[in-house]
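> here is the input, now give the coordinates:
(chains A and B)
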Amino acid sequence: MKVKVVTNILEANERIAAENRKRFDDAGVFVMNVLSGPGAGKTSLLERTIQELSGKMKIGVIEGDIAGADDAERIDKLGIPVVQINTGGGCHLDASMITGVLEDLPPLRELDLLIIENVGNLVCPAEFNLGEHMKVMLLSLAEGHDKPLKYPMMFQTSTALVLNKIDLLPYIDVDVAKIRKDSLSLNQHLKIFEVSCKTGQGIREWTDWVQTLIK
Amino acid sequence: MHEVSIAQGMLDIALDYCGKNGYSVIKSITVKIGKAAGVVPDSLQFAFESLKTETIAQNATLIIDEVPVAGTCNDCGKHFTVDEAYVIQCPLCGSLSFKLETGRELNISELEVE
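Numbering: from 1, shown residues only, chains lettered A, B, ... in the order given. From the prediction side, this is the model:
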């Protein structure tokens, strides 16, 4: 016998993401999901952002990695509540993984900003909503100007694009204008920042903007 | 890259449906997968074959209906269909800005059960 069972296969994730989102909204915490390839500088961006904003608001962090706790240890040193998720080979975080660690953070209503650092990967993390208010894509310039057109979904689903390692510009052949043009073609509303997490250049502009999003 | 979790999600939905409706054998599962859904059909098939063992779907076949990518261009306003799976551009004007109407589906559409 044939039966029609029209169901979205990712429905379970979408449902849990919606539940997470409701918890975040009820608690009044703004949630940012940070995406990038491995080594673009997500943890460094978190460190800089925390240093800039932690005097002004309460921040919590969820670290997603395939294995290890190196990133969580870096955040812990800054005195910020952090919980590490190890996906054990999984290429992305999903909504239920977030639900599973919320109890390990301080009560959400005590936080103003929750930053989720996704697994380093330019493909899969864009497909799974976690319940966040915005996705932020981080691209380091040494990765090359071909990335927006090679990994369009990351750029299409993000609210902001942070271009990191601009201090490397004198040493590498990268066309920043092309990155901007292609990214904006994919997503005309994308907000673009140029920073160096190493020197601190451009960080203030980024954190000033983040601050405007938090009530 | 995450075809295993998609195959598991698909199998869970089918097993759950059969459990609730009193069916004891799944003969086939038909899924509609958009060409721009980021899913490789062969990998999904492979993951399904390994996950279905020791379930009531152990002899089930997976039927994958691929859905073409179609949308309306935000720049030239024309409706288009493309055969591209990942980097989508309006075939008429080359724009990267569009509204997709189909191509991102990831749905179970039909089960054959006993």
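> and chain B, which residues reach chain A?
B:1-2, B:5-6, B:9-10, B:12-14, B:17, B:21, B:31, B:38, B:86-88, B:95-97, B:106-114 (CB under 8 Å from any CB of the partner chain). Every residue, glycine included, has its C-beta placed from N, CA and C.
> mind running it again at 6 Å?
For chain B, the residues in contact with chain A (CB under 6 Å from any CB of the partner chain) are B:1-2, B:6, B:9-10, B:13, B:17, B:38, B:87, B:96, B:106-113.
> relative to chain A, which residue of chain B is the closest?
B:L96 (4.1 Å; CB to the nearest CB).
> which SS class is whichever residue of chain A sits closest to chain B?
Closest residue of chain A to chain B, CB to the nearest CB: A:S185 (4.1 Å). Here A:S185 is recorded as helix under DSSP: H, G, I helix; E, B strand; the rest coil.
> list the contacts for the nearest residue to it once chain neighbours are set aside?
Nearest non-adjacent residue to A:S185, counting by CB to CB, 6 or more residues apart in numbering or on different chains: B:L96, 4.1 Å away. Residues counted as contacts of B:L96 (CB atoms under 6 Å, 6 or more residues apart in numbering or on different chains) are A:185-186, B:89.
> by neighbour count, which of the residues you listed wins?
A:L186 (24 neighbours; other CB atoms under 10 Å in any protein chain shown).
> wait, isn't it in contact with A:M153?
No. Judged on CB atoms under 6 Å, A:L186 makes no contact with A:M153 at a distance of 8.8 Å.
> how is the residue of chain B closest to chain A assigned, secondary-structure-wise?
Relying on three-state DSSP, one would call B:L96 coil.
> could you do A:A40 as well?
Relying on three-state DSSP, one would call A:A40 coil.
> number of nearby residues for it?
26.
> the one 10 residues further on now?
Applying other CB under 10 Å, we find 21 residues neighbouring A:I50.
> which of the three states applies to it?
A:I50 ends up helix, using three-state DSSP.
> B:L62 looks like it's in a helix, true?
No. B:L62: not assigned to a helix; according to three-state DSSP it is strand.
> count the neighbours of the nearest residue to it once chain neighbours are set aside for me.
Leaving aside its sequence neighbours, B:L62 sits nearest to B:F48 (CB to CB, 6+ apart; 4.6 Å). Counted with other CB under 10 Å, the burial measure for B:F48 works out to 23 neighbours.
> which SS class is the closest residue to A:E52 other than its chain neighbours?
Closest residue in space to A:E52, ignoring its immediate chain neighbours: A:T207 at 4.1 Å, by CB to CB, 6+ apart. For A:T207, the assignment made with three-state DSSP gives helix.
> list the contacts for A:T207?
A:49, A:52-53.
> got CSV for these, with neighbour count too?
Listed next are those as CSV, based on neighbours: other CB atoms under 10 Å in any protein chain shown:
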residue, neighbour count
A:T49, 24
A:E52, 17
A:L53, 19
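> would CSV of the residues you listed with pLDDT be doable?
Below are these laid out as CSV (pLDDT from 0 to 100):
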residue, pLDDT
A:T49, 98
A:E52, 97
A:L53, 98
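> wait, which of these is closest to A:V101?
A:T49 (20.0 Å; CB to CB).
> out of the contacts of B:L96, which one sits closest to A:I115?
Once CB to CB is applied, the member of the contacts of B:L96 that ends up nearest A:I115 is A:L186, at 23.9 Å.
> any chance you could map the helices in chain A?
Applying DSSP state H to chain A gives helices spanning A:11-27, A:42-53, A:70-76, A:95-101, A:147-150, A:152-157, A:176-186, A:203-213.
> closest one to A:L138 among the ones you listed?
helix A:42-53 (5.6 Å).
> hmm, stretch A:114-134 touching chain B?
Yes. Remark: stretch A:114-134 sits within contact range of chain B at A:123-124, A:127, by CB under 6 Å from any CB.
> which residue is nearest the centroid of the chain?
The chain I'm using is chain A. A:V34 (0.6 Å; CA atoms, centre = their mean).
> I was after chain B.
B:I33 (2.2 Å).
> just checking, it touches B:V40?
No. Using CB under 6 Å as the test, B:I33 is too far from B:V40 to be in contact (9.5 Å).
> quick one: contacts for residue 92?
As the question left the chain open, I've gone with chain A. A:119, A:124-125, A:128.
> other chain: chain B
Contacts of B:L92 by CB under 6 Å, 6+ apart are B:76, B:78.
> in what helix or strand does it lie?
Using DSSP states H and E, B:L92 falls within no helix or strand.
> look up how far A:L186 lies from it.
18 Å (CB to CB, to the nearest Å).
> and if you look at A:P81?
35 Å.
> for A:K198, which non-adjacent residue is spatially closest?
Nearest one to A:K198, counting by CB to CB, 6+ apart, is A:D167 at 5.6 Å.
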